[in-house]
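[1] Build me a structure from this.
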Amino acid sequence: MKKVHFIAIGGAAMHNLALDLHNKGYQVTGSDDEIYEPSKTLLAAKGLLPAEIGWFPEKITSDLDIVILGMHARVDNPELAKAQELGLKVYSYPEFIYSQSMNKQRVVIAGSHGKTTITAMILHVLKYHNRKFDYMVGARIEGFETMASLSDAPVIIIEGDEYLSSPIDRQPKFLHYHPHVALISGIAWDHINVYPDFNDYVKQFDLLADQLEKSGSFVFDRTDELVAKIGQREWLDVTKLPYGIHPNIVRNGKTYLVLPNHKEVEISVFGDHNLKNLNGAKYVLSQIGIDETLFYQAIPSFKGAAKRLELVKETNDSIFYRDFAHAPSKVEATTKALKEQYPTRSLLACLELHTFSSLNKNFLGEYANKLNAADEAIVFYSPATLAHKNMPAISEDEIKAHFNHPNLTIFTEKTAMVAYLQTKRWRGLNLLMMSSGTFNGLDFNELGNSMLG
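    Sure thing, here's the model as predicted:
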């Protein structure tokens, strides 16, 4: 039995890795200064929820085999200092995953948008066909207990994040993985707190492509200008697999794949971005033993990853979706997808500015026209979030000028926004709410029931 301690155990990836190691018999402990749902409940169910919130150097002892450091912790974290003082090996979670997968075929799904959905599609298809595999993915998927799994499987599927690995490891997470198969779904500037220079952000994806193992495969969105430039490079020993939108048809709010034999298969996901995601997943799977026939058998039952165009409430003439979209490219793609899926209905798109990038005045211009597929738009942000991040205040006029939407309303209070939504006549009107946050603790199901009955 190995003893493992997680510094910042409440993180999305961290708590899932902790749960997986616990399930495999590791002795797991952890600390954090804030733990939210669903991490809190999931950790508590396994007896892993820290008894007290905060950092406790006394938890770091010389008999620990492994210390795993999360990005949420700070560089001056007292538990980290104690681990360094004792000379313990401190891993970031991507370092640890690589240490456990050095002898596996490694598949890395990267990109500024779409990587969670593509990874989820791949996992769904592999599970459908009872293949043995390990994984790390950034969202809950139907049929999977945790978002991470490490075993003796011959292949691992990893959602490759370009954000920093840990407070003491400033390189992108995906540069730890050294893939045999790599997919890049698209590049659109994000994380400006880490990459204030756009070219430096793009360079990280170049570095990922450079890491491809000998005789590897590079799967990429040929419709994305920046990714296509990477794909134009000459490799002597890399197979290049460009993809675009899968042939499809939309009828009565339903999307059907058009197969090579001209047959149609109904799927649950929709939108051009998801039809590219699906095609990318198909190409990746072709490199790890899943041919087209097997792919088309499995993909109709894929319902999507949590918070990715997730259905909240539906009636005969209105529908309410929530989505994790927050970066400009994601906001534009998701808004456009819902409008095109229901072209005869009006669309109200609501976006929460929650991340450091989205609340940064120097970045707001990236959102220009991104909500314009919606007939009406709402932008919500909390002044308390700005204060918590030590960022300057933003005025409503600044937001309106940057977004450039002709019918835009700004809210800074959740109750006022909810009251406004409840005054709407929803017959023939769809609602899309987008955020990497929670709109200050909004209960989406309660809202859906109050609006649509």
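
[2] For residue 215, give its distance to residue 85.
    Applying Cβ to Cβ, to the nearest Å, the value for residue 215 to residue 85 is 44 Å. In short, each C-beta sits where N, CA and C put it, glycine included.

[3] before we move on, what about residue 203?
    Using Cβ to Cβ, we find residue 203 at a distance of 35 Å from residue 85.

[4] Over to residue 353?
    Distance from residue 353 to residue 85, by Cβ to Cβ: 40 Å.

[5] Kindly report the same for residue 193.
    Distance from residue 193 to residue 85, by Cβ to Cβ: 29 Å.

[6] neighbour-wise, which of the two wins?
    Comparing residue 193 with residue 85 by other Cβ atoms under 10 Å, the one with more neighbours is residue 193, at 14 against 10.

[7] Okay, helices next: where are they in the stretch 351-453 of the chain?
    383-388, 396-403, 414-422, 444-452 (DSSP state H, counting those that start in this stretch).

[8] Against residue 278, how distant is the spatially closest residue to residue 140 that is not a sequence neighbour?
    Using Cβ to Cβ, 6 or more residues apart in numbering and skipping residues adjacent in sequence, the residue nearest residue 140 is residue 306, 4.0 Å away. According to Cβ to Cβ, residue 306 stands 18 Å off from residue 278.

[9] Please apply the same query to residue 396.
    Distance, residue 396 to residue 278, by Cβ to Cβ: 39 Å.

[10] Between these two, which has more neighbouring residues?
    More crowded of residue 396 and residue 278, by other Cβ under 10 Å: residue 278, with 24 against 14.

[11] distance between the helix or strand hosting the more buried one and the chain's centre?
    Taking DSSP states H and E as the criterion, residue 278 maps to helix 272-286. Taking the mean of its C-alpha atoms, helix 272-286 sits 16 Å from the chain's own mean (Cα atoms, centre = their mean, to the nearest Å).

[12] can you give me the mean pLDDT across that helix?
    Helix 272-286 carries an average pLDDT of 96.

[13] For that helix, buried residues please.
    272-286 (16 or more other Cβ atoms under 10 Å).

[14] Also stretch 94-108?
    Buried positions in stretch 94-108, judged by neighbour count with 16+ other Cβ under 10 Å: 94, 95, 96, 97, 98, 101, 104, 105, 106, 107, 108.

[15] Next up, the contacts around residue 315.
    Going by Cβ atoms under 8 Å, 6 or more residues apart in numbering, residue 315 touches 426, 452, 453.

[16] same question, residue 298
    Taking Cβ under 8 Å, 6+ apart, one finds 124, 125, 128, 129 in contact with residue 298.

[17] that older thread, show me which of the buried residues of helix 272-286 is closest to residue 447.
    Comparing those against residue 447 with Cβ to Cβ places residue 274 closest, at 24.2 Å.

[18] Wait, the closest one touches residue 299, no?
    No: using Cβ atoms under 8 Å, residue 274 is not in contact with residue 299; the gap is 11.1 Å.

[19] in the sheet, who's paired with residue 349?
    Legend: beta-bridge partners of residue 349 under DSSP bridges are residue 377, residue 432.

[20] ok, how many other residues are close to it?
    30.

[21] which residues touch it?
    So residue 349 contacts 335, 338, 371, 373, 374, 376, 377, 378, 432, 434 (Cβ under 8 Å, 6+ apart).

[22] wait, which of these is closest to residue 268?
    Checking the contacts of residue 349 one by one against residue 268 (Cβ to Cβ), the nearest turns out to be residue 338, at 13.9 Å.

[23] measure that closest one to residue 433 for me?
    To residue 433, residue 338 is 11 Å away according to Cβ to Cβ.

[24] What of residue 175?
    With distances taken as Cβ to Cβ, residue 175 is found 34 Å from residue 433.

[25] Which one of these two is surrounded by more residues?
    More neighbours surround residue 433 than the other of residue 175 and residue 433, with 24 against 20 (other Cβ under 10 Å).

[26] So the more buried one sits against residue 324, correct?
    No: contact criterion Cβ under 8 Å: residue 433 and residue 324 do not qualify, at 10.6 Å.

[27] Rebuild the buried residues of stretch 94-108 as TSV, extending it with pLDDT.
    Shown next, in TSV, are the buried residues of stretch 94-108 (pLDDT from 0 to 100):
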residue	pLDDT
94	97
95	97
96	97
97	97
98	97
101	97
104	97
105	97
106	98
107	98
108	98
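
[28] Pretty sure residue 98 sits in a helix.
    Yes: counting by DSSP: H, G, I helix; E, B strand; the rest coil, residue 98 is found in a helix.

[29] Is it in contact with residue 174, as I believe?
    No: using Cβ under 8 Å, residue 98 is not in contact with residue 174, being 10.5 Å away.

[30] hmm, back to that, sort out for me which of the buried residues of stretch 94-108 are in strands.
    105, 106, 107, 108 (DSSP state E).

[31] Beta-bridge partners for the second one, please?
    So that's residue 106. Residue 106 has these beta-bridge partners by DSSP bridges: residue 156.

[32] Tell me who's in contact with it.
    98, 155, 156, 158, 177, 178, 179, 180, 181, 213.

[33] Assign residue 255 to helix, strand or coil.
    Three-state call for residue 255 (three-state DSSP): strand.

[34] Could you break the chain into its assigned domains?
    3-88, 96-301, 310-452 (automatic domain parsing).

[35] Span of the first one from start to end?
    With Cα to Cα, to the nearest Å as the measure, domain 3-88 spans 12 Å from end to end.

[36] now swap in the second one and tell me
    Taking Cα to Cα, domain 96-301 runs 32 Å from one end to the other.

[37] starting at the chain centroid, how far to that domain?
    12 Å.

[38] cool, and the first one?
    Relative to its parent chain, domain 3-88 has a centroid offset of 22 Å by Cα atoms, centre = their mean.

[39] cool, and the last one?
    What separates the centre of domain 310-452 from the centre of its chain is 18 Å, taken as Cα atoms, centre = their mean.

[40] average model confidence for that domain?
    Per-residue pLDDT values over domain 310-452 give a mean of 93.
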